[in-house]
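Undergrad: How does the following fold in three dimensions:
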Amino acid sequence: MKTILLVSNDVNFIKMKKQIVERDAFVECRMFPNPVMALFYVQQNPHIDEIIVDYKMVQMNGFIFSQRVINLGIEPRIIVYSNCNEKALQFLRKQYNLEDKVEISTTTDIDSLMYAIS
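TA: You can find the predicted model right below:
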């Protein structure tokens with residue numbers, strides 16, 4: 001079974017995306033509106049296949065969250081999404097030294113991504 005984490009302060013957004021992903025019977029999807037709680041979950045359950053994380057969150061941004069996951073020695077597929085344009089996300093990813101480790105997606109592209117995952 002594939003395990004996916006959705007991390008975002010926007011609870012309604014991740015609830016909708018969770019419904020899309022869980023159409024596949026072989027996918028377990030966990031939602032976290034708080035990135036700190038998501039990191040704790042990842043520490044306790046390191047066998048995560050994919051993490052889809054919002055860039056803009058109150059406690060920490062998606063790239064800092066991604067760095068902390070990678071620092072745990074866990075290397076799931078990580079996708080940081082935002083309503084920023086793609087060039088801004090590419091710039092930010094480069095600033096955090098995550099070019100080879102983290103994928104990016106705009107909010108408008110996230111729907112096609114979610115259907116591809118499920």
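Undergrad: And the strands in this protein, which stretches?
TA: Ranges of strands within the chain are 2-7, 27-32, 50-54, 77-82, 103-106, based on DSSP state E.
Undergrad: between these, which gets nearest to Lys94?
TA: Among those, the nearest to Lys94 by Cβ to Cβ is strand 103-106 (10.5 Å). (C-beta placed from N, C-alpha, C; glycine too.)
Undergrad: still on that earlier bit, deepest-packed of the strands of the chain, please.
TA: strand 50-54 (a mean of 24; mean count of other Cβ atoms under 10 Å).
Undergrad: which helices and strands does that strand pack with?
TA: strand 2-7, helix 35-44, helix 62-71, strand 77-82, helix 107-117 (3 or more Cβ pairs under 8 Å, 6 or more residues apart in numbering; DSSP states H and E).
Undergrad: just the angle between that strand and strand 77-82, please?
TA: Going by axes from the mean of the first three to the mean of the last three Cα atoms, to 10 degrees, strand 50-54 is angled at 20 degrees with respect to strand 77-82.
Undergrad: Report the backbone C-alpha coordinates of strand 50-54 in PDB.
TA: Extracted C-alpha coordinates of strand 50-54, given in PDB (Å, rounded to 0.1, in the frame of the first residue of the first chain):
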ATOM      1  CA  GLU A  50       5.100  10.700  -1.100                       C
ATOM      2  CA  ILE A  51       4.600  14.100   0.600                       C
ATOM      3  CA  ILE A  52       2.600  16.900  -0.900                       C
ATOM      4  CA  VAL A  53       3.200  20.100   1.100                       C
ATOM      5  CA  ASP A  54       2.000  23.600   0.800                       C
END
